[in-house]
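A.B. asks: Predicted model and sequence below, questions to follow.
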Amino acid sequence: MNNTKSMAAGAVMLCGVLAAPFATAATTLESVKEKGHLQCGVTSGLPGFSQPDDKGNWTGIDVDTCRAVAAAIFGDAQAVEFTPLTAKERFTALQSGEIDMLSRNTTWTLTRDASLGLNFTGTNYYDGQGFLINKDLGVNDATELDGATICIQAGTTTELNLSDYFRAKGMEYQPIVFDTSEQTVQGFAAGRCDVLTSDRSQLAALRSKLTDPSSAEILPNTISKEPLGPVVRQGDDQWFNIVKWVLFAQINAEELGITSANVEDMLKSDNPNVQRLLGTDGDMGAKLGLPDDFGHKVIKQVGNYGEMYDRNVGPDTPLGLDRGLNALWTEGGILYAPPLR
Amino acid sequence: MAEPMLKPPKVAISPLDWMRQNLFSSWYNSLLTIVVGYMVVTSVGPLFTWLFFEATFLGDEPSDCVGTGACWLFISQRLNFFIYGFYPDEFQWRVDVMFLLLAVCFVPQFIERFPGRKWFGLFGLTGLPVVGYFLIPGGNFGLEIVESSKWGGLMLTLILAYIGIIASLPIGILLALGRRSEMPIIRGICVVFIEVWRAVPLITVLFMASVMLPLFLPDGMNFEKLMRALIGITLWQSAYMAEVIRGGLQAIPRGQYEAADALGLGYWKKTGLIILPQALKMVIPGIVNTFISLFKDTTLVLIIGLFDILGTVQSTVTDPAWQNVAIEGYVFVAFCFWVFCFGISRYSQNLERKLDTGHKT
């Protein structure tokens, strides 16, 4: 009895293997709707980007990017399940279909875009590598760092950026490599190195972990470009468009002055751009395969880009990051979303 | 009657004598005592000050942590997360029931003369996993489903270790018997299985299970990451277990086999009634050793993004809202592991004493 059962199971599995290439796979949107939730890959703990809070709820700007997509599809920002992923696992999890989208502070590079079968849908945070130095060093610019000892986290692109930068400037440095970011900051605090290097978005948080944060300062230099954004699988353009335009809708909403607080009033607006974004006019949602009022749902539940930024990494959070590059193009930043029409 | 030549030895020694005999018997022992004593006094004081006397135990906010001691608020505020992971609040009673059952099954094992404690232990090894199978994931008897992606913390550590331990013992016994079998194919399969799995580090097994396996499986055929990790851990562990048990089998004198044969017992009766009971009893320390190392190895699931107790702590110690709480977090994890590993160890010593039939001196 048991034997026949397991043989039948084996046969079913074998058929599944053989049939898989011929089966017309459901689109990502269809399968997400069928599941009833969005499966989103995030980091297993990075302040401001994705981290479990006291109650075990995921918070962060990467997390909110996922929630916005869920709000656009289901009208419910909570209809999302998070899969914490390590740096090594993240692309496999997306390729194998374990997750529907990846929002795990992933830098957009040519190699990743071209050779992994993946598409970057945009940038939800423009980051770059910077330096945290001990004030006693008396250095005001990264070009004065010749001969410095530098604390760095192993296995990250920061190592490569650092060596590129110093080679280009013809300077020497002594790397001291640590395994995790909190060990790196401990090493810096203990005086093992003069300088700590990491993504600028993390430097402020690392600095706040020092016993005396005022003893260290962040240099103004940025030595690399790290555009971080959501990623989807190649080959499903509808899904690619959805993830891309949800973020664009949030950026456009900030430009148009729509916030989660005033979104209901904005429904009565005469501005055709606002009407299209909130779905009171036109069929923008239908073109993406979404409800026409997807913009309204996203802004109402998650907020516009500025709100998302301020809530997670902005000046009033422990990370305390100014908008900088991430300000709208109208305000001195480089955030520029194509028009929603 | 003549006086005895020697006085009887003094039974009670004064503390001063004890110290002279044990701590200051020669000049180098005296030196060592002074140096070690100095080190203990200077390190234990600050340690206790940090752990208890200057530590913060009460409060709700990160800002309540003042002073130079440990900030245990971080642990107490997040205890729920460290124990249950993302398991929804309203269903946590299910996990609590399992914790309670675990305690009910195994605490009596430490109490001599507890009525029917053997049955409690037996239920712990057989019934408990079945109850857990229905209770924790839900889906039957009107219980809501809780996906395994939401399990985490101490609960996940215990699940991984418990299933790994319970499943690897029988598989290990079969493999060990197979390796000593006279049937060449069975022996070959067992040797290859054991040597392959034992020669691969657990971290590689977990990586293969979580990163490579999904790429080989056809589209849409996905089984959960936790399941993949569990299968990997169990297979890896049973190879180790097999070798430990084979050590016991080899230590049984040839005469025992021959005596069983002379009684006319078949293979299974011989193995089950005569060989295994002696062999397993002999290798209890080895088996428990592998259990304890498995229990600690479960933390490796961290690298495949499963949040065991170490994972939950590590993901939150970087929270910028708190000051540097990494040490508190790791001390807490170490304490949890110590409690369970020490428990396993004590239980095994208990078992050894109870099963001792006079082979030991």
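C.D. replies: Looks like it came in fine. Numbering: from 1, shown residues only, chains lettered A, B, ... in the order given.
A.B. asks: and the worst-scoring helix or strand of chain B on mean pLDDT, does that touch chain A?
C.D. replies: Scoring the helices and strands of chain B by mean pLDDT, DSSP states H and E places helix B:213-216 at the bottom, with a mean of 76. Yes: counting by CB under 8 Å from any CB of the partner chain, chain A has neighbours in helix B:213-216: B:214-215. In short, each C-beta sits where N, CA and C put it, glycine included.
A.B. asks: How about residues contacting that helix?
C.D. replies: With CB atoms under 8 Å, 6 or more residues apart in numbering or on different chains as the test, helix B:213-216 has contacts from A:92-93, A:95-98, B:222, B:228.
A.B. asks: Apply 10 Å and report the result again.
C.D. replies: A:17, A:89, A:92-93, A:95-98, B:207-208, B:221-223, B:225, B:228, B:231-232 (CB atoms under 10 Å, 6 or more residues apart in numbering or on different chains).
A.B. asks: what distance separates that helix from the centre of its chain?
C.D. replies: Centre-to-centre, helix B:213-216 and its host chain are 31 Å apart (CA atoms, centre = their mean, to the nearest Å).
A.B. asks: Output it as PDB, nothing but the C-alphas.
C.D. replies: The C-alpha atoms that make up helix B:213-216 are tabulated as PDB, following Å, rounded to 0.1, in the frame of the first residue of the first chain:
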ATOM      1  CA  LEU B 213      18.100  22.900  -4.300                       C
ATOM      2  CA  PRO B 214      15.400  25.500  -5.400                       C
ATOM      3  CA  LEU B 215      17.300  26.000  -8.700                       C
ATOM      4  CA  PHE B 216      17.100  22.200  -9.500                       C
END
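A.B. asks: Show me which positions of that helix end up buried.
C.D. replies: By neighbour count with 16 or more other CB atoms under 10 Å in any protein chain shown, helix B:213-216 contains the buried residues B:213-214.
A.B. asks: Ok, stretch A:83-102 next?
C.D. replies: Those would be A:83-86, A:89-102, for stretch A:83-102 by 16+ other CB under 10 Å.
A.B. asks: any low-confidence regions in the chain?
C.D. replies: Going with chain A. A:1-25, A:155 (pLDDT under 70).
A.B. asks: hmm, I had chain B in mind actually
C.D. replies: If you take pLDDT under 70 as the line, chain B has these spans: B:1-4, B:10-11, B:218-222, B:358-361.
A.B. asks: so which residue of it comes closest to chain A?
C.D. replies: Among all residues of chain B, B:S315 sits closest to chain A, at 3.0 Å; criterion: CB to the nearest CB.
A.B. asks: So that residue belongs to a helix, correct?
C.D. replies: Yes: looking at B:S315 with DSSP: H, G, I helix; E, B strand; the rest coil, it is inside a helix.
A.B. asks: What's the local residue count around residue 31?
C.D. replies: Just going to use chain A. 16 (other CB atoms under 10 Å in any protein chain shown).
A.B. asks: You answered for a different chain; I wanted chain B.
C.D. replies: Neighbour number of B:L31 under other CB under 10 Å is 11.
A.B. asks: Off-centre distance for the helix or strand following the least confident helix or strand of chain B?
C.D. replies: Where DSSP states H and E defines the elements, the next helix or strand beyond helix B:213-216 is helix B:225-251. When C-alpha coordinates are averaged (CA atoms, centre = their mean), helix B:225-251 and its chain have centres 14 Å apart.
A.B. asks: So which residues of the stretch 1-150 of chain B form helices?
C.D. replies: Secondary structure of the stretch 1-150 of chain B by DSSP state H, counting those that start in this stretch: the helices cover B:15-22, B:27-48, B:73-84, B:92-106, B:117-135.
A.B. asks: who touches the first one?
C.D. replies: To tie it back to what came earlier, the one meant is helix B:15-22. B:10, B:13-14, B:25, B:29-30, B:33.
A.B. asks: What is the burial count for the residue in chain A that chain B sits nearest to?
C.D. replies: Using CB to the nearest CB, the closest approach of chain A to chain B is made by A:G45 at 3.0 Å. By other CB under 10 Å, the residues close to A:G45 number 23.
A.B. asks: got a list of what the residue lying closest to it once chain neighbours are set aside touches?
C.D. replies: Leaving aside its chain neighbours, A:G45 sits nearest to B:S315 (3.0 Å; criterion: CB to CB, 6 or more residues apart in numbering or on different chains). Going by CB under 10 Å, 6+ apart, B:S315 touches A:43-46, A:50-52, A:84, B:81, B:152, B:302, B:305, B:307, B:329.
A.B. asks: And for A:N119?
C.D. replies: Contacts of A:N119 (CB under 10 Å, 6+ apart): A:108, A:112-113, A:230-237, A:239-240, A:243-244.
A.B. asks: Who wins on neighbours among the contacts of helix B:15-22?
C.D. replies: Among those, B:T33 has the most neighbours (other CB under 10 Å), with 15 neighbours.
A.B. asks: returning to what we had before: next step: the buried residues of stretch A:83-102 restricted to helices.
C.D. replies: A:90-95 (DSSP state H).
A.B. asks: In a markdown table: the residues you listed, plus distance to chain B.
C.D. replies: Formatted as a markdown table, those follow (distance: CB to the nearest CB, whole Å):
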| residue | distance to chain B |
| --- | --- |
| A:R90 | 9 |
| A:F91 | 9 |
| A:T92 | 5 |
| A:A93 | 8 |
| A:L94 | 10 |
| A:Q95 | 7 |
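A.B. asks: which one of those is nearest B:Y347?
C.D. replies: A:A93 (39.1 Å; CB to CB).
A.B. asks: Break chain A down into its domains, please.
C.D. replies: With automatic domain parsing as the criterion, the domains of chain A are listed as A:28-126+A:226-248+A:305-331, A:129-218.
A.B. asks: Switch those over to CSV; also include distance to B:M98.
C.D. replies: Shown next, in CSV, are those (distance: least, CB to CB, whole Å):
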stretch, distance to B:M98
domain A:28-126+A:226-248+A:305-331, 19
domain A:129-218, 32
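A.B. asks: Name the stretch among those domains that sits most buried.
C.D. replies: Ranked by mean neighbour count, the domains of chain A are led by domain A:28-126+A:226-248+A:305-331 with a mean of 20 (mean count of other CB atoms under 10 Å in any protein chain shown).
A.B. asks: end to end, how far does that domain reach?
C.D. replies: 36 Å (CA to CA, to the nearest Å).
A.B. asks: Kindly report the same for stretch A:97-106.
C.D. replies: Using CA to CA, the end-to-end distance of stretch A:97-106 comes to 18 Å.
A.B. asks: Run the chain-centre distance for stretch A:103-122.
C.D. replies: 11 Å.
A.B. asks: Can you measure across stretch B:269-279, start residue to end residue?
C.D. replies: End-to-end distance for stretch B:269-279: 15 Å, by CA to CA.
A.B. asks: now stretch B:58-71
C.D. replies: The first-to-last residue distance of stretch B:58-71 comes to 9 Å (CA to CA).
A.B. asks: what's the spacing between the residue nearest to A:Q153 when sequence neighbours are not counted and A:T197?
C.D. replies: Nearest non-adjacent residue to A:Q153, counting by CB to CB, 6+ apart: A:T184, 5.2 Å away. Distance, A:T184 to A:T197, using CB to CB, to the nearest Å: 9 Å.
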